[in-house]
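Chemist: Any chance you can model this:
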Amino acid sequence: MTLFAVKGDPLGLQPFVLGYEPIPEAMSVEGGDPARFLLEPVTAAAVVYPGGAWVLLDTGFNVDTVRDPERRAAQYNYDSYTAVVPPGDPLADQVRDAGLHWPRLAGCAISHLHLDHSGGLRLLEHGPPVVLQRAEWHFAATATRADAYAPGDYLRPGLDIRLIDGDTVLAPGLTALDTRGHTPGHQSFRVDLPGTTVVLACDAADLRVNITARRRCGWAADPGAAQRSVERLHELDRLDGVEVWPGHDPDWPVWRTRGLYPAR
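Modeler: Below you'll find the predicted structure:
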């Protein structure tokens, strides 16, 4: 029994870029330059299954908050940081453009509940299950803006929250991987696709250099755990037929092309 009701194996992985955020290199790479800023993509993905079913992994910013001046100032505008979003509703628009349909959404899994990952949960009220690591949910229940959490995104009625502990199969060909450290309950995702396997590192590895050089991100709730997680991703990336995608790398090709992967 899996958490998401889908049939068959994944057909493809649809990447989404739901916005951008200015991030000091030192926040994305331990030992990076704090004066060098990167405009990093805010990413998500859909795992596409036979019959039009799909699973959403991460959800981007809450554009309702971003576009309300008072709420934006209170939630998103930090020193040297703000949310950058394209016109419209990026998540809803890109789901539509990919030919996916909300009634066929089988479930959602969130890597962690930082505000650049939790905002689209507003579209999932009274919808399918939303999966989180138990440690993340317990921490997020009392987290604040200072922790980069937006409790209004996820402490809302109508969300069907399901909690897991550690590595867990969510659906055929889709497994949550325990990569805690960036936050107390961060998870990455392994997607077994035709001819290849993709691991979405999410914020366990912002940039490709985190993976190749085994350098954890600079922002870490638990630096030791974050280092162990990036080393796990490094080892996965060395396996034949496995690609580990960094979560926020502006130069990673798939976040530029955004086409269904692998291409049909």
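
Chemist: How about residue 132, nearest residue that isn't a chain neighbour?
Modeler: residue 110 (5.5 Å; C-beta to C-beta, 6 or more residues apart in numbering). Where C-beta positions appear, they are placed from N, C-alpha and C, glycine not excepted.

Chemist: cool, and residue 109?
Modeler: residue 131 (4.2 Å).

Chemist: So which elements touch the helix or strand encompassing that neighbour?
Modeler: Assigning secondary structure by DSSP states H and E places residue 131 in strand 129-133. Judged by 3 or more C-beta pairs under 8 Å, 6 or more residues apart in numbering; DSSP states H and E, strand 129-133 is in contact with strand 105-109, strand 160-164, strand 174-178.

Chemist: and the last one, how far from the chain's centre?
Modeler: Put plainly, it is strand 174-178. Distance of strand 174-178 from its chain centroid, counting by C-alpha atoms, centre = their mean, to the nearest Å, is 12 Å.

Chemist: partners of it, with directions?
Modeler: strand 168-171 (antiparallel), strand 187-193 (antiparallel) (DSSP bridges).

Chemist: Just the CA coordinates for the first one, please, in CSV.
Modeler: It stands for strand 168-171. What follows is strand 168-171, C-alpha atoms only, in CSV (Å, rounded to 0.1, in the frame of the first residue of the first chain):
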residue,chain,number,x,y,z
THR,A,168,9.3,6.1,2.5
VAL,A,169,7.8,4.8,-0.8
LEU,A,170,5.0,7.2,-1.7
ALA,A,171,3.9,5.7,-5.0
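
Chemist: buried ones in that strand?
Modeler: Across strand 168-171, burial judged by 16 or more other C-beta atoms under 10 Å covers 168, 170, 171.
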